[in-house]
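Q: okay, predicted coordinates and the sequence, questions at the end:
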Amino acid sequence: MSPLQLPIPIPAIYLYSIAAAAVLIYVPYLLVAYGRARVGFDLSAPRAMFDKLPPYAQRATWAHQNSFETFMIFAAAALMAYVTGVNSPLAAMAAIAFIPARLLYSIFYIANIPILRSFMFGIGSFSSATLFYLSIMEIQG
């Protein structure tokens, strides 16, 4: 297989990457749940207990919330590439790169490594921007 051939069709990469990104939204929440269990979960006021969480669980909460925000943008970009028929290895690489970037973003956020977290945020944002750009170029002919 040459470097430009992928084992699955590029349109499938867009859809698989959207599904993977949706799953990644909940990865940081596992630590939030663990933190809540450690401080005692209050069913009557689950959001009010944020200040009682340990710092790692607070950062995990923020990573979880940011994952929702970036997912909407990425899903729109990947669906736009899918619908417009973008069929380039660059687009496939952008869709694939988003996934490890977002996983590492959450890890670095929870571990409190801001420079690496910001770098991963940039890679994820650049991936989405690349998909938007390629989609617009595709429809312009």
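A: On my side now, so go ahead.
Q: list the residues that contact the nearest residue to A57 once chain neighbours are set aside.
A: Leaving aside its sequence neighbours, A57 sits nearest to G35 (CB to CB, 6 or more residues apart in numbering; 2.6 Å). C-beta coordinates here come from the backbone N, C-alpha and C atoms, glycine included. For G35, the contacting residues are 53-54, 56-58, 60, by CB atoms under 8 Å, 6 or more residues apart in numbering.
Q: same check on I10?
A: Per CB under 8 Å, 6+ apart, neighbours of I10: 86-89, 91-92.
Q: roughly how far does it sit from M72?
A: Using CB to CB, to the nearest Å, one gets 22 Å for the distance from I10 to M72.
Q: equivalent analysis for N112, please.
A: According to CB to CB, N112 and M72 sit 26 Å apart.
Q: same deal with I136?
A: Distance from I136 to M72, by CB to CB: 18 Å.
Q: and if you look at L53?
A: Taking CB to CB as the measure, L53 falls 25 Å from M72.
Q: next helix or strand past the helix or strand of the chain with the lowest mean pLDDT?
A: Ranked by mean pLDDT, DSSP states H and E, the helix or strand of the chain with the weakest confidence is helix 27-39, at a mean of 88. Downstream of helix 27-39, the first helix or strand assigned by DSSP states H and E is helix 55-84.
Q: go ahead and confirm A20 touches A101.
A: No - using CB atoms under 8 Å, A20 is not in contact with A101; the gap is 11.6 Å.
Q: taking the centroid of this protein, which residue is nearest it?
A: The centroid of the chain falls nearest to R102 when counting by CA atoms, centre = their mean (4.1 Å).
Q: per-residue pLDDT of that residue, please?
A: Looking at R102, its pLDDT is 98.
Q: how about A129?
A: 98.
Q: what about this protein, any weak spots by pLDDT?
A: Along the chain, segments meeting pLDDT under 70 span 1-4.
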